[in-house]
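J.: Below is the sequence, then the predicted model.
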Amino acid sequence: MTDFNYLEQVATRIKRNRQQFADVEEELATINYRIHEIPLKISTESTFAKMIGEQYNDATSELESAKQKLTAEREGLSNKIREDITTFIAEFTSPELVIPLDPSSKIADGNTTFKYKNGVVYRSIFEILSELLGLSAPILVKDVMFSASEIIIKVTDEYEAKQKFLSSINEVQKTLSIKKNY
């Protein structure tokens with residue numbers, strides 16, 4: 001059984017690691033810029049230091065060391081993100097996927113609405129799912145709108161709504177399965 005709460009944790013981890021990855025990239029860009037500047041400024045800086053009676057501190061080795069550390073960290077984060085996306089897709093496409101919907105629906109304005117049990121909101125799942133599907137949130141598939149807080153189906157018959165829901169989930173899983181193979 002694939003648990004939606006577990007999927008939320010994986011999706012949250014993907015988002016957190018992506019933010020860390022972006023931070024590392026930014027720091028790496030700064031270090032690369034500083035490394036690039038050293039040969040351009042070394043003559044002036046070393047002469048100036050000598051003239052004022054100070055020792056010139058060549059930061060090249062420290063910067064190169066920091067660059068290596070950040071490059072390794074970036075590679076590690078990249079691997080974690082890739083692994084978590086693979087896990088997310090595998091779990092979401094599992095035939096054992098359980099979506100914790102409250103079984104009682106609400107019919108209003110020509111729609112049937114299902115809320116998640118206990119009012120839980122699955123924001124991270126739908127952010128990652130939207131990205132993987134190339135769609136904006138909320139996700140609309142065959143008259144079924146999937147969002148972080150509810151699922152709305154554009155029919156008023158509860159049985160037909162359940163059929164459309166199952167068909168749409170199947171469509172989403174097929175699309176993700178295709179992505180899994182790339």
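T.: All right, it came through fine.

J.: SS state for residue 167?
T.: helix (DSSP: H, G, I helix; E, B strand; the rest coil).

J.: isn't it right next to residue 142, touching?
T.: Yes - using C-beta atoms under 8 Å, residue 167 is in contact with residue 142, at 6.0 Å. Where you see a C-beta, it was placed from the backbone N, CA and C, and this is true even at glycine.

J.: Does the helix or strand of the chain at the bottom of the mean pLDDT ranking pack against any helices or strands, and if so which?
T.: The helix or strand of the chain with the poorest confidence is strand 2-3; it has a mean of 77 (mean pLDDT, DSSP states H and E). Contact here means 3 or more C-beta pairs under 8 Å, 6 or more residues apart in numbering; DSSP states H and E; on that basis strand 2-3 packs against strand 97-98.

J.: The strand it packs on pairs with which strands, parallel or anti?
T.: strand 2-3 (parallel) (DSSP bridges).

J.: how is the protein carved up into domains?
T.: The chain is divided into the following domains under automatic domain parsing: 2-92, 99-180.

J.: now the shortest one: mean pLDDT?
T.: By that I understand domain 99-180. Averaged over domain 99-180, pLDDT sits at 88.

J.: Distance from it to the middle of the chain?
T.: 19 Å (C-alpha atoms, centre = their mean, to the nearest Å).

J.: Also the first one?
T.: Remark: domain 2-92 is offset 19 Å from the chain centroid, using C-alpha atoms, centre = their mean.

J.: Please apply the same query to stretch 82-96.
T.: 13 Å.

J.: From the rest of the structure, what touches it?
T.: With contact meaning C-beta atoms under 8 Å, 6 or more residues apart in numbering, stretch 82-96 is reached by 1-2, 6-7, 10-11, 13-14, 17, 97, 128-129, 132, 172-173, 176-177, 179-180.

J.: Show me which positions of it end up buried.
T.: Residues of stretch 82-96 classed as buried: 84, 85, 88, 89, 91, 92, 93 (neighbour count, 16 or more other C-beta atoms under 10 Å).

J.: Equivalent analysis for stretch 58-68, please.
T.: Buried, per 16+ other C-beta under 10 Å, within stretch 58-68: 63, 66, 67.

J.: Name the helix or strand for the first one, please.
T.: Under the assignment given by DSSP states H and E, the secondary-structure element containing residue 63 is helix 60-92.
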